[in-house]
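Q: Output the structure for:
(one chain, ligands or ions: 1)
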Amino acid sequence: MSKLGVGKEIVTYCSKCKLELAHIIVAMRDEVTPYKVQCKTCKSTHAFKIKKAATATRKKSTTRKPRVSAEQKIMNLWDEAKSKQTEDAAPYSIRTKFEIGQFIDHPKFGEGVVDKHIDNNKIEVVFQKDIRVLIHNK
Ligand SMILES: [Zn+2]
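A: You can find the predicted model right below:
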């Protein structure tokens with residue numbers, strides 16, 4: 001690849017033409033990154049968009065960062081459930097049938113609250129930092 005520099009040509013996205021087009025570099029940000037480019041087609045000068053734009057668009061739907069992390073969400077769920085707790089946690093056993101909203105005490109994961117019945121024998125339990133599926137009512 002030839003070295004980039006002022007006056008050199010580079011193919012980049014033109015926000016006016018809405019196309020990947022040849023541009024002339026008019027200013028450099030650093031040795032390898034153009035700062036301002038002029039579109040050879042529409043002659044407009046605009047800031048050089050770092051190539052990431054293309055990958056960012058492609059990934060947008062899958063990697064859009066949630067403002068709250070998954071762990072934070074679970075912790076919020078947990079805090080909310082905990083604030084409504086009325087009874088002591090029942091020791092967890094696969095033989096016991098647990099109801100939604102019931103607190104359980106799991107030997108390994110600690111205290112959790114039943115969030116959902118998945119089916120007759122499975123419950124989804126919110127623990128302090130994790131959501132797990134447990135067997136019950138066996
Ligand atoms: Zn253009």
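Q: what's the domain layout of this structure?
A: Per automatic domain parsing, the structural domains of the chain span 9-60, 70-135.
Q: Would you mind checking the average pLDDT for the last one?
A: Right, the one you point to is domain 70-135. On average, the pLDDT along domain 70-135 is 93.
Q: Start and end of it, how far apart?
A: From the first residue to the last, domain 70-135 extends over 23 Å; the measure is CA to CA, to the nearest Å.
Q: same question, stretch 34-50
A: End residues of stretch 34-50 are separated by 8 Å (CA to CA).
Q: can you check stretch 116-127 too?
A: End-to-end distance for stretch 116-127, by CA to CA: 13 Å.
Q: Could you do stretch 92-108 as well?
A: End-to-end for stretch 92-108, by CA to CA: 10 Å.
Q: which outside residues touch that stretch?
A: Stretch 92-108 is contacted by residues 81, 84-85, 87-91, 111-117, 123, 125, 127, 134-138 when judged by CB atoms under 8 Å, 6 or more residues apart in numbering. (C-beta placed from N, C-alpha, C; glycine too.)
Q: Mind doing that once more with 6 Å?
A: 85, 89-91, 111-114, 123, 135-138 (CB atoms under 6 Å, 6 or more residues apart in numbering).
Q: All the strands of this structure, residue numbers only.
A: Per DSSP state E, the chain carries strands over the ranges 9-14, 19-28, 34-39, 45-47, 90-91, 103-106, 110-119, 122-127, 131-135.
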